[in-house]
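**Q** Just the structure for this:
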Amino acid sequence: MNQPVVMITGALTGIGRATALAFAREGHRVVVSGRRDEAGQALAAELRALGAQAEFIRADVRFEADVRSLVEQTIQRFGRLDIAVNNAGTEGQLGPITEQSVDNYEATFAANVLGTLLSLKHEMRVMLTQGSGAIVNLSSIAGQVGIVGGSIYAASKHAVEGLTKSAALEGAAAGVRVNAVAPGPVATEMLERFVGGDQQAKADFLATMPARRAANVDEIVQTIVFLASDKARYLTGQCLAVDGGYTAQ
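**A** Numbers count the residues shown, from 1 in each chain. Next up, the predicted model:
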């Protein structure tokens, strides 16, 4: 059995879900994770219908016991871990800096930063022993350029990029690659929440993008799949902005 094993956190919606489907279509063995059992089991069944070996394992990345168990159960089921996509996260409560709370900071950083750190910790323990592996973290262009009303979210994604570079340096000599993808606006429920469901606000925001539109999830997923593949085997410690040219301005 030589199909790569991929584990995806935050896999039940949006980019995470689309990533699971893409790897399943490529014949990978897939472990999907999230906090909702019914949705997770339904996704695993959908992946199996595509011909993939797939399992759902419930985990909340804010808790180390959950992350440790997720990785351990993946190894018990498939014997190894070749690819990890750390997608779980939240945008938190949006608003001006002057209205931000400690609770919002702690909740957002727990999901986005602590969750990524714990995932890296336990994924790399396995991959360093194997002498191979590819990890892709989900950042955001907000972590590179900032975003009005999203200061805590932007700060958390900036931290994810720092974790990515540090982990890449630690894993490089052992053959473990760690990169990140920083999407611009993507046509998901998160984008709708960012604009408060205001379609005019969304149109005005997208008009600032050189591409004049949001990405679809598959455009982000293809970059994730590339970074996880042997085609990118000398690429590590990088954060690729997939943003329709926004950060080139």
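**Q** can you pull the contacts of Leu191?
**A** Pro185, Lys202, Ala214 (C-beta atoms under 8 Å, 6 or more residues apart in numbering). (Glycine included, C-beta is placed from N, CA and C.)
**Q** before we move on, what about Glu161?
**A** Glu161 makes contact with Ser139, Gly143, Gln144, Ala180, Ala182, Cys239, according to C-beta under 8 Å, 6+ apart.
**Q** What's opposite the last one in the beta bridge?
**A** Taking DSSP bridges, one obtains Ala180 as the residues bridged to Cys239.
**Q** wait, it sits on Val178?
**A** No: under the criterion of C-beta atoms under 8 Å, Cys239 is not in contact with Val178, lying 10.3 Å apart.
**Q** Could you name every residue contacting both of these two?
**A** Common neighbours of Cys239 and Val178 are listed as Thr164 (criterion: C-beta under 8 Å, 6+ apart).
**Q** out of these two, which sits in the busier spot?
**A** Between Cys239 and Val178, counted using other C-beta atoms under 10 Å, the more crowded position is Val178 (29 against 20).
**Q** From Gln3, how far out is the more buried one?
**A** Computed as C-beta to C-beta, to the nearest Å, the Val178 to Gln3 distance reads 22 Å.
**Q** which SS state does Ala11 fall under?
**A** coil (DSSP: H, G, I helix; E, B strand; the rest coil).
**Q** Identify the residue spatially nearest to it, adjacent ones excluded.
**A** Val32 (3.7 Å; C-beta to C-beta, 6 or more residues apart in numbering).
**Q** Checking my notes, that neighbour in a helix, right?
**A** No: under three-state DSSP, Val32 sits outside any helix and is assigned strand.
**Q** Can you give me the distance of it to Leu118?
**A** Taking C-beta to C-beta, one finds Val32 at 18 Å from Leu118.
**Q** Look at the two and report which has more neighbours.
**A** Val32 (30 against 24).
**Q** So the more buried one versus Gly162, what's the distance?
**A** Relative to Gly162, and taking C-beta to C-beta, Val32 is found at 27 Å.
**Q** dump the residue contacts of the spatially most central residue of the chain.
**A** Nearest to the geometric centre of the chain sits Asn87, at 2.1 Å (C-alpha atoms, centre = their mean). The contact partners of Asn87, by C-beta under 8 Å, 6+ apart, come to Ile8, Thr9, Gly10, Ala11, Ile15, Gly16, Thr19, Leu138.
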